[in-house]
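Engineer: A structural model of the following input is requested.
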Amino acid sequence: KEAVELIKKKKSEIVKNFDGEYLTESVVAFPSEEEGKAIIGQEAKSHLELEPDRVIKEVKRDMGTDKTYSVAGKEHTPSGISSMILKKLVQDSEKQHGKIEDVVVTIPANFSDEARQDTEKAIKEAGLNFKYIIEEPTAAALHYASSNTLSGKVMIYDLGGGTFDITIAEINGKDINCKTSHGDQRLGGTDIDRIILEKIKNAYKKDKGVDLVNSKADEYKYTYEAESIKKALSKKEKYSKLISGKEGDLKFTLTREEFEESISTLMSKIDSLIDVTLDELNLKEKNISNILLVGGSTRLPIVKKNILKRFNKEPLTGVNVDEAVSLGAALYAGKKADPQKLTAAQSEELKKIELKSVCNFYFGSV
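Structural biologist: Below you'll find the model as predicted:
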């Protein structure tokens, strides 16, 4: 009944997971007290300090590689772990809204052909009826276009936890033509956290004369501290936090200016990728009519500051950067769905959407 009610509504919605949260952490743990059982999401993340050797995360970065993860004598692949996360998402949704028949999966635009094939493998391992893969910037552009009146050449700036994409699309209302995309599969919020962690470690070593981090559990623990400092500096010009270590406490203070200076190399990489993307289409900054932000890391003030400085315009706001991809993927799913399962209003809206997308790495068609 709830699934039918959702279908009747005109707009796409984010479905909460079984823990009542809109976002599910891409973390998988295999607790020793429950041998053979996997837990996924926020609960798994809590095991990073308890049993770090039994937790797997950041698999998105490893898709398309031959890397494996060894946990309690058993080997896991990136696609295998990804399939567990996909199962979790589907099962949580089905418990609340009924059977899911088909799936649309999003991926970073910079994924290689091997990473895309790994994604398809994960979908099949999860036992899902794989229908379509859509690139994340393209999905986000769909959502923005459905929420705003856009026209001209639009840049989608997608900076998430682990990856970065820059995409340029030609948009006229709900007619979207993605022209090109470039990115880095290992550039995101995780790297920013690690830079802050290094500053914390150096400060503790200088003050106490000993290392703060002596194990994988320590590293995860203080990475959380680094992440909290990063988030605080998105709202404050200066932030202090008490760091507790084996040799006592340290009051660690970081200003936003110092923080932004420390991540300048990462931001330069982003600028270089923007250069490549603009040059490929023979465009200048003045040719870009709008900038769309996607991914939680775009909440950093330096992102908007750099965009304003370079493009002489503010990026669009009013869209939840964490949800734009999912909501756009839902629109795409509706576009490809059986018309008989849609309301008249939904069908009318979806008819207005025209989408063309270019993959830098070949992977079938959309």
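Engineer: okay, buried residues for whichever strand or helix holds Lys231 please.
Structural biologist: Of the helices and strands defined by DSSP states H and E, Lys231 is found in helix 216-232. When burial is assessed from 16 or more other C-beta atoms under 10 Å, helix 216-232 yields the following buried residues: 217-223, 225-227, 229-230, 232. Just so you know, the C-beta spots here come from the backbone N, C-alpha and C atoms, and that holds for glycine as well.
Engineer: repeat for stretch 255-269
Structural biologist: Buried residues in stretch 255-269, counting neighbours by 16+ other C-beta under 10 Å, are found at Arg256, Phe259, Glu260, Ile263, Leu266, Met267.
Engineer: ok, so of the residues you listed, who is nearest Asp118?
Structural biologist: Of all the buried residues of stretch 255-269, Asp118 sits closest to Leu266, with 25.6 Å by C-beta to C-beta.
Engineer: the helix holding Lys231 packs against which elements?
Structural biologist: For helix 216-232, the helices and strands in contact under the criterion 3 or more C-beta pairs under 8 Å, 6 or more residues apart in numbering; DSSP states H and E are helix 47-50, helix 189-208, strand 238-245.
Engineer: please redo it, this time with the cut-off set to 10 Å
Structural biologist: Packed against helix 216-232 by the contact rule (3 or more C-beta pairs under 10 Å, 6 or more residues apart in numbering; DSSP states H and E) you find helix 47-50, strand 55-57, helix 189-208, strand 238-245, strand 248-255, helix 256-262.
Engineer: where along this protein do the strands fall?
Structural biologist: In the chain, the segments counted as strands under DSSP state E are 27-29, 39-40, 55-57, 69-71, 74-76, 103-107, 130-135, 151-159, 164-172, 175-184, 238-245, 248-255, 288-294, 354-356.
Engineer: the third one pairs with which strands?
Structural biologist: So that's strand 55-57. Paired with strand 55-57 in the same sheet, following DSSP bridges, are strand 27-29 (antiparallel).
Engineer: go on, the longest one?
Structural biologist: According to DSSP bridges, strand 175-184 has the following sheet partners: strand 164-172 (antiparallel), strand 354-356 (parallel).
Engineer: nearest to Ser26, of the ones you listed?
Structural biologist: Shortest distance between Ser26 and these, using C-beta to C-beta, is found for strand 164-172: 16.4 Å.
Engineer: mind checking the pLDDT average for that closest one?
Structural biologist: Taken as a whole, strand 164-172 carries a mean pLDDT of 92.
Engineer: shouldn't Leu292 be in contact with Leu159?
Structural biologist: No. If you go by C-beta atoms under 10 Å, Leu292 and Leu159 don't touch, sitting 11.8 Å apart.
Engineer: about what we covered before: and the strands paired with strand 175-184, which is most packed in?
Structural biologist: Highest mean neighbour count of those: strand 164-172, a mean of 24 (counted as mean count of other C-beta atoms under 10 Å).
Engineer: how about it as PDB, C-alpha atoms only?
Structural biologist: Listed in PDB are the C-alpha atoms of strand 164-172, where the atom choice follows Å, rounded to 0.1, in the frame of the first residue of the first chain:
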ATOM      1  CA  PHE A 164      35.500  13.900  -7.700                       C
ATOM      2  CA  ASP A 165      33.800  14.500 -11.100                       C
ATOM      3  CA  ILE A 166      33.500  17.600 -13.200                       C
ATOM      4  CA  THR A 167      30.800  17.400 -15.900                       C
ATOM      5  CA  ILE A 168      29.600  19.900 -18.500                       C
ATOM      6  CA  ALA A 169      26.100  19.500 -19.900                       C
ATOM      7  CA  GLU A 170      24.000  21.500 -22.300                       C
ATOM      8  CA  ILE A 171      20.600  22.100 -20.600                       C
ATOM      9  CA  ASN A 172      17.400  23.700 -22.000                       C
END
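Engineer: next, report how far it is displaced from the centre of its chain.
Structural biologist: Shown here is strand 164-172, whose average C-alpha point lies 16 Å from the average C-alpha point of the whole chain (C-alpha atoms, centre = their mean, to the nearest Å).
Engineer: same question for stretch 306-326.
Structural biologist: 15 Å.
Engineer: how about that stretch: buried residues?
Structural biologist: Buried residues in stretch 306-326, counting neighbours by 16+ other C-beta under 10 Å, are found at Asn306, Ile307, Phe311, Pro315, Val319, Val321, Asp322, Glu323, Ala324, Val325, Ser326.
Engineer: among these, which lie within helices?
Structural biologist: Asn306, Ile307, Phe311, Ala324, Val325, Ser326 (DSSP state H).
Engineer: how much space separates Ile133 from Tyr144?
Structural biologist: In this structure, Ile133 lies at 20 Å from Tyr144, with C-beta to C-beta, to the nearest Å as the measure.
Engineer: cool, thanks, signing off.
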